[in-house]
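> show me the folded form of this:
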Amino acid sequence: MSLSTPTRRRVTVASAAAIALASSAGLVGAVAVVGLATATPDAASRLAGDRTASLDSAIVGGQAHNVILLIGDGMGDSEITIARNYAEGAAGRFAGIDALPLTGQLTTYSLDRATGLPDYVPDSAATATAWATGVKSFDGAIGVDVNGKSRRTLLELAKREGLKTGNVSTADIQDATPAAQVAHITERGCKGPERTTAWCPDEALENGGPGSISEQLLVTRPDVSLGGGAKYFDEEVTAGVHEGRSVLEQADALGFEVVSTRAELRAVSAADQKTPLLGLFAESNLAVRYVGPEATLDGTQRPARECETNPGRPATQPTLADMTSKAIDLLENPDGFFLQVEGASIDKQDHAANACGQIGETVDLDEAVRVALDFAEADGNTSVFVTADHAHSAQLVEVGSVTPGVGVTLLTADGAPMAITYGTSVPGDSQQHTGSQVRIAGYGPQAAGIVGLTDQTDLHATIARALGLVRDPATSSANAAVTVRPGKPRAGGKVRTALSRFKGDRTATVTLKGRGMKVTENLSLGSGRASFTARPKKAGRYVVRAVGDQTGAKVVKTFKVR
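Just a heads-up that it's a prediction; the model follows:
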(Lines give C-alpha, C1' and ligand atoms only; values in the text may rest on other atoms or scores of the structure.)
Protein backbone atom coordinates (compact mmCIF):
# COMPACT_ATOMS: atom_id res chain seq x y z
CA MET A 1 0.00 0.00 0.00
CA SER A 2 1.38 3.38 -0.96
CA LEU A 3 0.88 6.29 1.40
CA SER A 4 1.75 9.41 -0.58
CA THR A 5 -0.35 11.43 1.85
CA PRO A 6 -1.34 10.66 5.46
CA THR A 7 -3.99 7.96 5.65
CA ARG A 8 -7.12 9.14 7.45
CA ARG A 9 -9.45 6.15 7.61
CA ARG A 10 -11.11 3.85 10.05
CA VAL A 11 -9.81 0.30 10.02
CA THR A 12 -12.41 -2.23 8.93
CA VAL A 13 -13.20 -5.80 9.87
CA ALA A 14 -11.24 -8.50 8.06
CA SER A 15 -13.16 -11.74 8.11
CA ALA A 16 -11.70 -14.98 9.43
CA ALA A 17 -12.30 -16.47 5.99
CA ALA A 18 -10.17 -13.78 4.34
CA ILE A 19 -7.38 -14.34 6.85
CA ALA A 20 -7.50 -18.09 6.35
CA LEU A 21 -7.40 -17.65 2.57
CA ALA A 22 -4.37 -15.38 2.87
CA SER A 23 -2.70 -17.88 5.18
CA SER A 24 -3.08 -20.61 2.59
CA ALA A 25 -1.11 -18.46 0.17
CA GLY A 26 1.89 -18.34 2.51
CA LEU A 27 2.84 -16.50 5.67
CA VAL A 28 4.13 -13.34 4.02
CA GLY A 29 0.93 -12.90 2.06
CA ALA A 30 -1.12 -13.69 5.13
CA VAL A 31 0.28 -10.96 7.29
CA ALA A 32 -0.20 -8.43 4.53
CA VAL A 33 -3.90 -8.53 5.46
CA VAL A 34 -4.60 -5.35 7.45
CA GLY A 35 -7.64 -3.65 8.89
CA LEU A 36 -8.67 -5.75 11.86
CA ALA A 37 -11.40 -3.87 13.69
CA THR A 38 -11.11 -2.25 17.07
CA ALA A 39 -14.89 -2.38 17.61
CA THR A 40 -14.88 -5.51 19.82
CA PRO A 41 -12.24 -7.38 21.82
CA ASP A 42 -12.48 -10.39 19.51
CA ALA A 43 -11.78 -8.25 16.44
CA ALA A 44 -8.33 -7.36 17.79
CA SER A 45 -7.07 -10.95 17.45
CA ARG A 46 -4.17 -11.33 15.02
CA LEU A 47 -4.20 -15.13 14.82
CA ALA A 48 -6.30 -17.31 12.53
CA GLY A 49 -5.80 -20.80 13.89
CA ASP A 50 -2.75 -23.04 14.18
CA ARG A 51 0.32 -21.42 12.57
CA THR A 52 2.66 -24.40 12.99
CA ALA A 53 2.67 -25.32 9.30
CA SER A 54 3.21 -21.74 8.19
CA LEU A 55 6.12 -21.24 10.57
CA ASP A 56 7.60 -24.59 9.60
CA SER A 57 7.56 -23.58 5.92
CA ALA A 58 9.22 -20.26 6.80
CA ILE A 59 12.30 -21.96 8.26
CA VAL A 60 14.65 -22.47 5.32
CA GLY A 61 18.28 -23.56 5.56
CA GLY A 62 20.98 -23.54 2.94
CA GLN A 63 22.13 -20.49 1.04
CA ALA A 64 20.36 -17.55 -0.52
CA HIS A 65 21.10 -16.17 -3.96
CA ASN A 66 20.58 -12.62 -2.68
CA VAL A 67 20.29 -10.84 0.69
CA ILE A 68 18.52 -7.53 1.30
CA LEU A 69 19.12 -5.93 4.70
CA LEU A 70 16.85 -3.02 5.63
CA ILE A 71 17.67 -0.80 8.60
CA GLY A 72 15.34 1.61 10.36
CA ASP A 73 17.79 3.94 12.09
CA GLY A 74 16.51 4.54 15.62
CA MET A 75 13.48 2.34 14.95
CA GLY A 76 12.84 0.89 18.39
CA ASP A 77 9.63 -0.90 19.31
CA SER A 78 8.05 2.40 20.39
CA GLU A 79 8.78 4.01 17.04
CA ILE A 80 7.21 1.09 15.16
CA THR A 81 4.13 1.10 17.40
CA ILE A 82 3.65 4.85 17.13
CA ALA A 83 3.90 4.78 13.34
CA ARG A 84 1.61 1.75 13.05
CA ASN A 85 -1.04 3.32 15.28
CA TYR A 86 -0.97 6.52 13.27
CA ALA A 87 -0.88 5.03 9.76
CA GLU A 88 -2.76 1.74 10.15
CA GLY A 89 -4.57 1.80 13.49
CA ALA A 90 -3.96 -0.16 16.68
CA ALA A 91 -5.18 -3.45 15.17
CA GLY A 92 -3.62 -2.81 11.79
CA ARG A 93 -0.45 -4.14 10.25
CA PHE A 94 2.32 -2.69 8.15
CA ALA A 95 2.41 -4.46 4.79
CA GLY A 96 6.19 -4.73 4.94
CA ILE A 97 7.65 -4.39 8.43
CA ASP A 98 5.00 -6.64 10.00
CA ALA A 99 4.97 -9.18 7.17
CA LEU A 100 8.21 -11.06 7.81
CA PRO A 101 7.43 -14.44 9.37
CA LEU A 102 10.36 -14.90 11.78
CA THR A 103 11.27 -12.40 14.50
CA GLY A 104 13.73 -11.94 17.33
CA GLN A 105 15.56 -9.32 19.36
CA LEU A 106 19.08 -7.94 18.99
CA THR A 107 21.34 -6.60 21.71
CA THR A 108 23.03 -3.41 20.57
CA TYR A 109 25.68 -2.33 23.10
CA SER A 110 29.02 -0.96 21.95
CA LEU A 111 32.38 -0.89 23.78
CA ASP A 112 34.26 1.83 25.59
CA ARG A 113 37.48 2.27 23.64
CA ALA A 114 39.60 3.04 26.69
CA THR A 115 38.38 0.29 29.02
CA GLY A 116 36.83 -2.30 26.72
CA LEU A 117 33.77 -2.37 28.99
CA PRO A 118 30.23 -2.29 27.57
CA ASP A 119 28.76 1.04 26.54
CA TYR A 120 25.08 0.26 27.01
CA VAL A 121 23.73 3.11 24.85
CA PRO A 122 25.47 2.91 21.45
CA ASP A 123 25.59 5.16 18.41
CA SER A 124 24.85 4.27 14.80
CA ALA A 125 28.51 3.92 13.83
CA ALA A 126 29.36 1.22 16.36
CA THR A 127 26.11 -0.67 15.80
CA ALA A 128 26.43 -0.64 12.00
CA THR A 129 30.05 -1.74 12.35
CA ALA A 130 28.86 -4.67 14.49
CA TRP A 131 26.69 -6.26 11.80
CA ALA A 132 28.90 -5.10 8.93
CA THR A 133 32.11 -6.64 10.33
CA GLY A 134 30.96 -9.08 13.02
CA VAL A 135 32.91 -7.37 15.83
CA LYS A 136 31.97 -4.92 18.57
CA SER A 137 33.56 -1.50 18.44
CA PHE A 138 33.38 1.96 19.99
CA ASP A 139 31.01 4.83 19.28
CA GLY A 140 32.09 6.74 16.20
CA ALA A 141 33.91 3.75 14.71
CA ILE A 142 33.33 2.99 11.04
CA GLY A 143 34.42 -0.47 9.90
CA VAL A 144 37.18 -0.81 12.51
CA ASP A 145 37.48 -2.80 15.73
CA VAL A 146 38.08 -1.40 19.21
CA ASN A 147 41.80 -1.12 18.42
CA GLY A 148 41.13 0.88 15.26
CA LYS A 149 42.05 -2.02 12.97
CA SER A 150 40.11 -2.32 9.71
CA ARG A 151 37.74 -5.27 9.44
CA ARG A 152 36.21 -6.60 6.25
CA THR A 153 32.53 -5.76 5.84
CA LEU A 154 29.65 -7.81 4.44
CA LEU A 155 29.59 -5.62 1.34
CA GLU A 156 33.32 -6.07 0.79
CA LEU A 157 33.11 -9.82 1.37
CA ALA A 158 30.18 -10.12 -1.02
CA LYS A 159 32.00 -8.13 -3.69
CA ARG A 160 35.12 -10.24 -3.26
CA GLU A 161 33.06 -13.39 -3.82
CA GLY A 162 31.73 -12.03 -7.12
CA LEU A 163 28.32 -10.78 -5.95
CA LYS A 164 27.01 -7.39 -6.99
CA THR A 165 26.59 -4.92 -4.15
CA GLY A 166 24.41 -1.94 -3.28
CA ASN A 167 24.11 0.66 -0.53
CA VAL A 168 21.04 2.90 -0.14
CA SER A 169 20.17 5.54 2.47
CA THR A 170 17.94 8.54 2.98
CA ALA A 171 20.84 10.21 4.82
CA ASP A 172 24.23 11.27 3.52
CA ILE A 173 25.59 8.20 1.77
CA GLN A 174 28.63 8.85 4.00
CA ASP A 175 26.53 8.71 7.20
CA ALA A 176 27.30 6.09 9.83
CA THR A 177 25.09 3.21 8.70
CA PRO A 178 25.92 3.22 4.96
CA ALA A 179 29.55 4.19 5.66
CA ALA A 180 30.13 1.13 7.84
CA GLN A 181 29.79 -1.10 4.76
CA VAL A 182 32.22 0.82 2.53
CA ALA A 183 34.80 2.59 4.72
CA HIS A 184 37.23 2.14 7.60
CA ILE A 185 37.89 5.18 9.78
CA THR A 186 37.92 5.95 13.50
CA GLU A 187 35.64 9.00 13.37
CA ARG A 188 32.25 8.89 11.64
CA GLY A 189 32.29 12.64 10.97
CA CYS A 190 35.20 12.42 8.51
CA LYS A 191 32.85 12.32 5.53
CA GLY A 192 34.89 14.48 3.15
CA PRO A 193 38.56 15.48 2.75
CA GLU A 194 38.24 18.77 4.64
CA ARG A 195 36.98 17.34 7.91
CA THR A 196 39.27 14.31 7.56
CA THR A 197 42.31 16.59 7.47
CA ALA A 198 41.07 18.39 10.59
CA TRP A 199 39.56 15.54 12.61
CA CYS A 200 41.27 12.38 11.32
CA PRO A 201 44.77 13.51 10.23
CA ASP A 202 46.30 10.03 10.50
CA GLU A 203 43.69 8.76 8.04
CA ALA A 204 43.84 11.71 5.65
CA LEU A 205 45.01 10.91 2.16
CA GLU A 206 47.85 13.46 2.27
CA ASN A 207 49.28 11.69 5.33
CA GLY A 208 49.25 8.24 3.77
CA GLY A 209 45.85 7.22 5.13
CA PRO A 210 42.89 5.73 3.24
CA GLY A 211 41.13 9.11 2.98
CA SER A 212 37.66 10.33 3.85
CA ILE A 213 34.53 8.18 3.76
CA SER A 214 33.60 9.71 0.38
CA GLU A 215 37.00 8.80 -1.07
CA GLN A 216 36.92 5.31 0.42
CA LEU A 217 33.46 4.74 -1.05
CA LEU A 218 34.96 5.24 -4.51
CA VAL A 219 37.70 2.71 -3.74
CA THR A 220 35.28 0.13 -2.34
CA ARG A 221 33.19 0.73 -5.48
CA PRO A 222 29.74 -0.79 -4.81
CA ASP A 223 27.79 -1.32 -8.00
CA VAL A 224 25.00 0.94 -6.68
CA SER A 225 25.23 3.77 -4.10
CA LEU A 226 22.16 5.95 -3.57
CA GLY A 227 21.47 8.67 -1.00
CA GLY A 228 22.35 12.22 -0.04
CA GLY A 229 25.63 13.88 0.88
CA ALA A 230 26.43 15.64 -2.41
CA LYS A 231 28.21 18.48 -0.60
CA TYR A 232 31.03 16.20 0.52
CA PHE A 233 31.73 15.24 -3.08
CA ASP A 234 32.34 18.92 -3.86
CA GLU A 235 35.39 18.96 -1.56
CA GLU A 236 38.89 18.84 -3.01
CA VAL A 237 41.05 15.71 -3.01
CA THR A 238 44.26 16.45 -1.10
CA ALA A 239 46.73 13.88 -2.46
CA GLY A 240 47.32 11.19 -5.06
CA VAL A 241 46.61 11.13 -8.76
CA HIS A 242 43.33 13.04 -8.27
CA GLU A 243 44.83 15.80 -6.11
CA GLY A 244 43.21 19.17 -6.81
CA ARG A 245 40.06 17.64 -8.26
CA SER A 246 36.76 17.46 -6.40
CA VAL A 247 35.73 14.04 -5.13
CA LEU A 248 32.91 14.18 -7.68
CA GLU A 249 35.41 14.76 -10.47
CA GLN A 250 37.37 11.80 -9.12
CA ALA A 251 34.19 9.69 -9.29
CA ASP A 252 33.72 10.72 -12.91
CA ALA A 253 37.34 9.87 -13.72
CA LEU A 254 36.87 6.45 -12.12
CA GLY A 255 33.91 5.68 -14.37
CA PHE A 256 30.98 6.25 -12.01
CA GLU A 257 27.66 7.30 -13.50
CA VAL A 258 26.32 10.11 -11.32
CA VAL A 259 22.61 10.99 -11.10
CA SER A 260 20.85 13.57 -8.95
CA THR A 261 17.10 13.33 -9.68
CA ARG A 262 14.33 10.76 -9.61
CA ALA A 263 13.97 10.96 -13.40
CA GLU A 264 17.70 10.40 -13.93
CA LEU A 265 17.60 7.41 -11.61
CA ARG A 266 14.70 5.87 -13.51
CA ALA A 267 16.61 6.27 -16.78
CA VAL A 268 19.62 4.23 -15.63
CA SER A 269 19.61 0.83 -17.33
CA ALA A 270 22.75 -0.81 -15.94
CA ALA A 271 25.25 -0.56 -13.10
CA ASP A 272 28.32 -2.73 -12.64
CA GLN A 273 32.02 -2.52 -11.88
CA LYS A 274 32.72 -0.93 -15.23
CA THR A 275 30.17 1.83 -14.62
CA PRO A 276 29.00 1.92 -10.99
CA LEU A 277 26.02 4.11 -10.16
CA LEU A 278 26.33 6.98 -7.69
CA GLY A 279 23.04 8.73 -6.89
CA LEU A 280 23.31 11.95 -4.89
CA PHE A 281 19.81 13.40 -4.40
CA ALA A 282 20.46 16.08 -1.78
CA GLU A 283 23.29 18.20 -0.43
CA SER A 284 22.90 16.38 2.90
CA ASN A 285 19.98 14.25 4.17
CA LEU A 286 16.93 13.69 1.97
CA ALA A 287 13.81 15.66 2.85
CA VAL A 288 11.33 13.81 5.08
CA ARG A 289 7.81 12.73 4.16
CA TYR A 290 5.66 14.30 6.88
CA VAL A 291 5.69 17.47 8.95
CA GLY A 292 3.41 18.30 11.85
CA PRO A 293 2.92 19.98 15.20
CA GLU A 294 5.96 20.80 17.32
CA ALA A 295 6.47 18.90 20.55
CA THR A 296 5.97 21.17 23.57
CA LEU A 297 6.05 20.87 27.35
CA ASP A 298 2.24 20.65 27.43
CA GLY A 299 1.86 18.81 24.12
CA THR A 300 0.40 15.64 25.64
CA GLN A 301 -2.44 17.77 27.06
CA ARG A 302 -3.27 19.60 23.83
CA PRO A 303 -5.95 18.62 21.26
CA ALA A 304 -4.96 15.90 18.80
CA ARG A 305 -3.69 17.04 15.41
CA GLU A 306 -2.70 15.34 12.16
CA CYS A 307 0.53 15.15 10.19
CA GLU A 308 0.84 16.79 6.79
CA THR A 309 2.75 15.93 3.64
CA ASN A 310 6.01 17.89 3.66
CA PRO A 311 5.66 20.73 1.11
CA GLY A 312 9.46 21.06 1.08
CA ARG A 313 10.05 17.54 -0.19
CA PRO A 314 11.16 18.00 -3.82
CA ALA A 315 9.27 16.12 -6.52
CA THR A 316 12.68 15.36 -8.01
CA GLN A 317 13.70 13.38 -4.92
CA PRO A 318 13.18 9.60 -5.15
CA THR A 319 11.46 7.83 -2.28
CA LEU A 320 13.19 5.07 -0.35
CA ALA A 321 10.95 2.58 -2.15
CA ASP A 322 12.02 4.09 -5.50
CA MET A 323 15.69 3.70 -4.63
CA THR A 324 15.20 0.18 -3.28
CA SER A 325 13.30 -0.94 -6.35
CA LYS A 326 15.86 0.51 -8.75
CA ALA A 327 18.77 -0.92 -6.80
CA ILE A 328 17.24 -4.40 -6.95
CA ASP A 329 16.61 -4.06 -10.70
CA LEU A 330 20.22 -3.05 -11.31
CA LEU A 331 21.76 -5.62 -8.97
CA GLU A 332 19.80 -8.70 -10.03
CA ASN A 333 22.19 -11.05 -11.83
CA PRO A 334 23.10 -14.77 -12.08
CA ASP A 335 25.80 -14.50 -9.38
CA GLY A 336 23.60 -12.87 -6.72
CA PHE A 337 23.80 -9.64 -4.75
CA PHE A 338 23.96 -8.02 -1.31
CA LEU A 339 21.98 -4.83 -0.73
CA GLN A 340 21.76 -2.68 2.39
CA VAL A 341 18.92 -0.12 2.63
CA GLU A 342 18.57 2.46 5.41
CA GLY A 343 15.61 4.57 6.44
CA ALA A 344 17.86 7.05 8.21
CA SER A 345 15.67 9.86 9.46
CA ILE A 346 13.52 7.94 11.92
CA ASP A 347 16.51 8.58 14.16
CA LYS A 348 17.09 12.15 13.04
CA GLN A 349 13.47 13.12 13.63
CA ASP A 350 13.51 11.34 17.00
CA HIS A 351 16.51 13.47 17.96
CA ALA A 352 14.44 16.54 17.05
CA ALA A 353 11.36 15.28 18.98
CA ASN A 354 9.45 15.45 15.71
CA ALA A 355 6.77 12.75 15.86
CA CYS A 356 5.32 13.35 12.40
CA GLY A 357 8.78 13.29 10.89
CA GLN A 358 9.69 9.94 12.42
CA ILE A 359 6.27 8.44 11.55
CA GLY A 360 6.63 9.38 7.89
CA GLU A 361 10.10 7.89 7.70
CA THR A 362 8.86 4.65 9.23
CA VAL A 363 6.08 4.52 6.64
CA ASP A 364 8.71 5.13 3.94
CA LEU A 365 10.79 2.24 5.25
CA ASP A 366 7.72 -0.01 5.32
CA GLU A 367 7.15 0.65 1.63
CA ALA A 368 10.79 -0.22 0.90
CA VAL A 369 10.43 -3.46 2.88
CA ARG A 370 7.37 -4.32 0.81
CA VAL A 371 9.40 -3.82 -2.38
CA ALA A 372 12.09 -6.16 -1.02
CA LEU A 373 9.54 -8.80 0.04
CA ASP A 374 7.73 -8.68 -3.29
CA PHE A 375 11.03 -9.35 -5.04
CA ALA A 376 11.99 -12.08 -2.57
CA GLU A 377 8.67 -13.88 -2.97
CA ALA A 378 8.91 -13.76 -6.76
CA ASP A 379 12.59 -14.75 -6.81
CA GLY A 380 12.22 -17.67 -4.42
CA ASN A 381 15.82 -17.57 -3.17
CA THR A 382 16.30 -14.18 -1.54
CA SER A 383 16.60 -13.48 2.18
CA VAL A 384 15.25 -10.26 3.66
CA PHE A 385 16.15 -8.93 7.11
CA VAL A 386 14.62 -5.87 8.77
CA THR A 387 15.96 -4.36 11.98
CA ALA A 388 17.18 -1.19 13.71
CA ASP A 389 20.62 -0.05 14.77
CA HIS A 390 19.51 1.13 18.21
CA ALA A 391 16.42 2.16 20.16
CA HIS A 392 15.38 5.78 20.63
CA SER A 393 13.49 8.22 22.78
CA ALA A 394 9.83 8.34 21.71
CA GLN A 395 7.32 6.94 24.23
CA LEU A 396 3.57 6.42 24.16
CA VAL A 397 1.90 7.88 27.26
CA GLU A 398 -1.62 8.53 28.49
CA VAL A 399 -3.35 11.37 26.70
CA GLY A 400 -3.54 14.37 28.98
CA SER A 401 -0.74 13.20 31.27
CA VAL A 402 1.90 15.57 32.58
CA THR A 403 5.41 14.51 31.60
CA PRO A 404 8.82 16.05 32.32
CA GLY A 405 9.73 16.12 28.63
CA VAL A 406 8.21 17.63 25.50
CA GLY A 407 5.31 15.91 23.81
CA VAL A 408 2.62 16.02 21.17
CA THR A 409 -0.85 14.53 20.64
CA LEU A 410 -1.76 13.13 17.22
CA LEU A 411 -4.99 11.81 15.72
CA THR A 412 -4.45 8.23 14.52
CA ALA A 413 -6.05 6.12 11.79
CA ASP A 414 -8.51 4.89 14.44
CA GLY A 415 -9.75 8.43 14.92
CA ALA A 416 -8.34 8.31 18.45
CA PRO A 417 -5.82 10.63 20.14
CA MET A 418 -2.29 9.33 20.77
CA ALA A 419 0.14 11.12 23.09
CA ILE A 420 3.90 10.87 22.45
CA THR A 421 6.57 12.21 24.77
CA TYR A 422 10.34 12.70 24.61
CA GLY A 423 12.27 12.84 27.86
CA THR A 424 15.87 11.74 27.24
CA SER A 425 17.14 15.30 27.05
CA VAL A 426 16.14 18.73 28.29
CA PRO A 427 13.68 20.63 26.06
CA GLY A 428 15.46 22.19 23.12
CA ASP A 429 18.39 19.77 23.13
CA SER A 430 18.80 16.69 20.94
CA GLN A 431 16.98 13.66 22.32
CA GLN A 432 19.28 10.74 23.12
CA HIS A 433 19.35 7.12 22.00
CA THR A 434 18.31 4.45 24.47
CA GLY A 435 19.97 1.12 25.17
CA SER A 436 17.04 -1.25 24.70
CA GLN A 437 17.25 -4.34 22.55
CA VAL A 438 15.64 -3.92 19.12
CA ARG A 439 13.39 -6.00 16.92
CA ILE A 440 14.71 -8.01 13.97
CA ALA A 441 12.59 -9.89 11.45
CA GLY A 442 13.59 -12.21 8.64
CA TYR A 443 12.35 -14.08 5.58
CA GLY A 444 14.10 -16.67 3.42
CA PRO A 445 17.18 -18.88 3.78
CA GLN A 446 18.94 -18.59 7.17
CA ALA A 447 16.24 -16.28 8.58
CA ALA A 448 15.88 -18.73 11.48
CA GLY A 449 19.26 -17.44 12.66
CA ILE A 450 17.61 -14.29 14.02
CA VAL A 451 14.96 -16.00 16.17
CA GLY A 452 15.20 -15.42 19.93
CA LEU A 453 17.79 -13.12 21.50
CA THR A 454 20.95 -12.59 19.47
CA ASP A 455 23.48 -9.78 19.05
CA GLN A 456 24.13 -7.50 16.10
CA THR A 457 27.43 -9.31 15.53
CA ASP A 458 25.40 -12.51 15.03
CA LEU A 459 23.56 -10.83 12.16
CA HIS A 460 26.89 -10.55 10.33
CA ALA A 461 27.40 -14.31 10.65
CA THR A 462 23.80 -15.06 9.62
CA ILE A 463 24.06 -13.00 6.43
CA ALA A 464 27.55 -14.31 5.65
CA ARG A 465 26.24 -17.86 6.05
CA ALA A 466 23.23 -17.13 3.84
CA LEU A 467 25.45 -15.81 1.04
CA GLY A 468 28.18 -18.42 1.50
CA LEU A 469 30.81 -15.75 2.16
CA VAL A 470 34.29 -16.65 3.34
CA ARG A 471 34.42 -14.99 6.76
CA ASP A 472 38.05 -15.76 7.66
CA PRO A 473 40.16 -13.15 5.85
CA ALA A 474 43.41 -14.87 6.88
CA THR A 475 42.83 -17.59 4.29
CA SER A 476 41.77 -15.30 1.47
CA SER A 477 45.21 -13.70 1.07
CA ALA A 478 46.96 -17.07 1.18
CA ASN A 479 47.81 -16.84 -2.54
CA ALA A 480 49.02 -13.23 -2.43
CA ALA A 481 51.78 -12.38 -4.88
CA VAL A 482 54.21 -9.60 -5.76
CA THR A 483 55.69 -8.99 -9.21
CA VAL A 484 58.40 -6.57 -10.35
CA ARG A 485 58.52 -5.11 -13.85
CA PRO A 486 60.64 -4.93 -15.90
CA GLY A 487 62.22 -8.25 -15.09
CA LYS A 488 65.77 -6.88 -15.44
CA PRO A 489 65.58 -3.22 -14.49
CA ARG A 490 68.42 -0.76 -14.98
CA ALA A 491 69.73 1.68 -12.39
CA GLY A 492 67.87 4.97 -12.55
CA GLY A 493 64.97 3.43 -14.44
CA LYS A 494 61.38 2.97 -13.27
CA VAL A 495 60.54 -0.21 -11.40
CA ARG A 496 56.87 -1.07 -10.97
CA THR A 497 55.96 -3.27 -7.99
CA ALA A 498 52.50 -4.85 -8.26
CA LEU A 499 50.56 -6.65 -5.53
CA SER A 500 47.84 -9.13 -6.44
CA ARG A 501 45.52 -11.65 -4.76
CA PHE A 502 45.61 -9.85 -1.38
CA LYS A 503 41.87 -10.54 -1.26
CA GLY A 504 41.59 -10.60 2.50
CA ASP A 505 43.13 -7.16 2.93
CA ARG A 506 42.02 -3.62 2.34
CA THR A 507 45.48 -2.09 2.70
CA ALA A 508 49.06 -3.35 2.55
CA THR A 509 52.42 -1.98 3.68
CA VAL A 510 55.19 -2.40 1.11
CA THR A 511 58.90 -1.81 1.74
CA LEU A 512 61.54 -1.66 -1.01
CA LYS A 513 65.13 -1.94 0.32
CA GLY A 514 68.57 -2.21 -1.23
CA ARG A 515 71.85 -0.36 -2.00
CA GLY A 516 71.27 2.47 0.44
CA MET A 517 67.63 2.89 -0.56
CA LYS A 518 64.50 2.29 1.51
CA VAL A 519 60.99 3.20 0.38
CA THR A 520 57.85 2.36 2.35
CA GLU A 521 54.34 2.72 0.92
CA ASN A 522 50.92 2.05 2.44
CA LEU A 523 48.69 1.02 -0.44
CA SER A 524 44.91 0.81 -0.68
CA LEU A 525 43.89 -2.47 -2.26
CA GLY A 526 41.04 -2.70 -4.75
CA SER A 527 39.99 -6.32 -5.40
CA GLY A 528 43.26 -7.39 -3.75
CA ARG A 529 45.43 -5.38 -6.15
CA ALA A 530 47.69 -2.32 -5.97
CA SER A 531 50.99 -1.07 -7.35
CA PHE A 532 53.63 1.63 -6.94
CA THR A 533 56.66 2.87 -8.87
CA ALA A 534 60.20 3.62 -7.64
CA ARG A 535 63.61 4.43 -9.22
CA PRO A 536 66.52 2.43 -7.74
CA LYS A 537 69.62 4.57 -8.42
CA LYS A 538 72.32 1.92 -7.93
CA ALA A 539 72.92 -1.53 -9.37
CA GLY A 540 72.63 -4.43 -6.95
CA ARG A 541 70.23 -6.65 -5.04
CA TYR A 542 66.88 -5.29 -3.83
CA VAL A 543 64.11 -6.79 -1.70
CA VAL A 544 60.37 -6.01 -1.77
CA ARG A 545 58.42 -7.00 1.34
CA ALA A 546 54.59 -6.69 1.20
CA VAL A 547 52.41 -7.31 4.27
CA GLY A 548 48.62 -7.30 4.27
CA ASP A 549 47.57 -4.98 7.07
CA GLN A 550 44.40 -6.89 7.95
CA THR A 551 45.52 -10.52 7.56
CA GLY A 552 49.25 -10.31 8.13
CA ALA A 553 49.86 -12.20 4.87
CA LYS A 554 53.49 -11.59 3.84
CA VAL A 555 55.19 -11.87 0.45
CA VAL A 556 58.91 -11.24 -0.17
CA LYS A 557 60.36 -10.69 -3.65
CA THR A 558 64.06 -10.32 -4.50
CA PHE A 559 65.33 -8.80 -7.75
CA LYS A 560 68.52 -7.38 -9.25
CA VAL A 561 69.10 -3.97 -10.75
CA ARG A 562 71.75 -3.82 -13.50
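> what's the following helix or strand after the lengthiest helix in the chain?
Once the chain is assigned using DSSP state H, the helix that runs over the most residues is helix 355-379. The helix or strand immediately downstream of helix 355-379 is strand 382-388, counting by DSSP states H and E.
> wait, Arg562 touches Lys488, no?
Yes. Contact criterion CB atoms under 8 Å: Arg562 and Lys488 qualify, at 6.0 Å. Placement of C-beta: from N, CA and C, glycine included.
> show me what contacts Lys159?
165, 220-222, 527 (CB atoms under 8 Å, 6 or more residues apart in numbering).
> actually His390, sorry about that
74, 76, 108, 121-124, 127, 347, 433-435, 438.
> mark which of the residues you listed are part of strands, please.
Secondary structure from DSSP state E places Val438 of those in strands.
> give the contact list for the most centrally placed residue in the chain.
Nearest to the mean C-alpha position of the chain, counting by CA atoms, centre = their mean, stands Pro178 at 3.8 Å. By CB under 8 Å, 6+ apart, Pro178 lies in contact with 167-169, 171-172, 225, 227, 340, 342.
> which one of these sits closest to Val288?
Nearest to Val288 among these is Ala171, at 11.0 Å by CB to CB.
> would you confirm that the closest one contacts Leu286?
Yes. Contact between Ala171 and Leu286 holds when scored by CB under 8 Å: they sit 7.4 Å apart.
> now for those two: what residues contact both?
By CB under 8 Å, 6+ apart, the residues touching both Ala171 and Leu286 are 227-228, 345.
> compare those and tell me which is most surrounded.
Ser345 (30 neighbours; other CB atoms under 10 Å).
> got the contact list for it?
Here Ser345 is in contact with 73, 170-171, 285-286, 288, 357-358, 361 (CB under 8 Å, 6+ apart).
> make it 6 Å
By CB atoms under 6 Å, 6 or more residues apart in numbering, the residues touching Ser345 are 170, 288, 361.
> quick check: closest non-adjacent residue to it.
Using CB to CB, 6 or more residues apart in numbering and skipping residues adjacent in sequence, the residue nearest Ser345 is Glu361, 4.5 Å away.
> about what we covered before: make a markdown table out of the contacts of Lys159 and add pLDDT and secondary structure.
Formatted as a markdown table, those follow (pLDDT from 0 to 100; DSSP: H, G, I helix; E, B strand; the rest coil):
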| residue | pLDDT | secondary structure |
| --- | --- | --- |
| Thr165 | 98 | strand |
| Thr220 | 96 | helix |
| Arg221 | 97 | coil |
| Pro222 | 98 | coil |
| Ser527 | 76 | coil |
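> how about the contacts made by His351?
Per CB under 6 Å, 6+ apart, neighbours of His351: 430-431.
> what about Arg496, neighbour count?
Arg496: 13 neighbours (other CB under 10 Å).
> so what strands line up beside the strand or helix carrying it?
Under the criterion of DSSP H and E, Arg496 resides in strand 495-500. Applying DSSP bridges, strand 495-500 is found paired with strand 481-485 (antiparallel), strand 530-534 (antiparallel).
> re earlier: I'd like the distance between the residue nearest to Ser345 and Gln456.
21 Å (CB to CB, to the nearest Å).
> higher neighbour count, those two?
Set Glu361 next to Gln456 and count neighbours by other CB under 10 Å: Glu361 wins out with 31 against 27.
> quick check: the more buried one touching Asp347?
No. Look at Glu361 against Asp347 with CB atoms under 6 Å: they stay out of range, at 8.6 Å.
> per-residue confidence averaged over stretch 97-113?
Mean per-residue pLDDT for stretch 97-113: 96.
> quick one: contacts of it?
27-28, 31-32, 58, 118-120, 122, 126-127, 136, 138-139, 146, 366, 369, 373, 386, 390, 437-438, 440-443, 447, 450-453, 455-456.
> where does the stretch 351-500 of the chain dip in pLDDT?
470-475 (pLDDT under 70).
> again with the stretch 201-350 of the chain
In the stretch 201-350 of the chain, no residues with pLDDT under 70.
> how about the helices of it, start to end?
Using DSSP state H, counting those that start in this stretch, the helices of the stretch 201-350 of the chain run over 213-220, 230-233, 247-253, 262-267, 320-331, 345-351.
> of all the ones you listed, which lies closest to Ala416?
Between the helices of the stretch 201-350 of the chain, helix 345-351 lies closest to Ala416; by CB to CB that is 22.2 Å.
> quick check: buried residues in that closest one?
Within helix 345-351, the residues scored as buried using 16 or more other CB atoms under 10 Å are 345-351.
> tell me the one of the shared contacts of Ala171 and Leu286 nearest Gly240?
Checking these one by one against Gly240 (CB to CB), the nearest turns out to be Gly227, at 24.5 Å.
> so how far is Cys200 from the closest one?
If you go by CB to CB, the gap between Gly227 and Cys200 works out to 21 Å.
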